[in-house]
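Enquirer: Take a look and give me a structure for this.
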Amino acid sequence: PNVLAITFQLILATHLWVGSHKTSSTPSSSHSRTSPPFADAILAMNAFPAGTRVFFWDGAGNVIYATVIASERLPDQGTLILQLQSEEQPPKIYKLPAAGVTHVQ
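Expert: Numbers count the residues shown, from 1 in each chain. Model prediction:
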C-alpha cells in the first residue's frame with residue numbers, strides 16, 4: 001500500500017475512535033483522553049517534505065510545477081499548508097493546502 005492509502009486508513013481509524021469514545025461531563029484523570037493515542041503521530045506525518053516536487057493548476061487552468069520549501073499546520077483540524085516555489089522564471093512563492101497539489105512522478 002502507498003503512503004496516502006495508509007494515511008487515509010489512520011485518519012479514518014482516528015475518526016471512528018473519537019466518535020465511539022465520548023467523554024463525560026466530569027472526566028476522571030484516567031479517562032479524560034478525547035483522541036486516540038496515535039493522533040499526534042498522524043498529525044506529525046507529512047507526505048510533502050521539503051524538496052518534494054509537486055504540480056497544481058492555477059486559476060487559468062495552467063499546470064504549475066513547484067518544489068515544497070516549507071510546511072505548516074493550521075490550528076483548525078490540522079490542515080497541512082505547503083509553501084511552494086514555482087519552477088517558472090522568475091520563480092513565484094505559493095501557499096496552498098496539501099490537498100490541492102499532486103506529487104510529480
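
Enquirer: My guess is Glu88 contacts Ile64. True?
Expert: Yes: between Glu88 and Ile64 there is a contact at 7.1 Å, judged by CB atoms under 8 Å. From N, CA and C alone the C-beta is placed, and that goes for glycine too.

Enquirer: The two: who's more crowded?
Expert: Ile64 (17 against 11; other CB atoms under 10 Å).

Enquirer: dump the residue contacts of the more buried one.
Expert: For Ile64, the contact set (CB atoms under 8 Å, 6 or more residues apart in numbering) comprises Phe55, Phe56, Trp57, Asp58, Ser86, Glu88, Tyr94.

Enquirer: between the residues you listed, which is closest to Pro75?
Expert: Taking CB to CB as the measure, Pro75 sits nearest to Tyr94 out of the contacts of Ile64, at 21.0 Å.

Enquirer: The closest one and Thr67 touch, don't they?
Expert: No: Tyr94 lies out of contact with Thr67 (CB under 8 Å); the separation is 10.8 Å.

Enquirer: what's the overlap in contacts for those two?
Expert: What both Tyr94 and Thr67 touch, as defined by CB under 8 Å, 6+ apart, is the set Leu84, Gln85.

Enquirer: Helix, strand or coil: sort out Gln89 for me.
Expert: coil (DSSP: H, G, I helix; E, B strand; the rest coil).

Enquirer: what's the spacing between it and Val101?
Expert: 20 Å (CB to CB, to the nearest Å).

Enquirer: what's the answer for Gly51, then?
Expert: From Gly51 to Val101 the distance is 14 Å (CB to CB).

Enquirer: wait, doesn't Leu74 sit right on Lys95?
Expert: No: assessed by CB under 8 Å, Leu74 is found out of contact with Lys95, at 10.9 Å.

Enquirer: Give me the common contacts of these two.
Expert: Overlap between the contact sets of Leu74 and Lys95, as judged by CB under 8 Å, 6+ apart, is given by Ile81.
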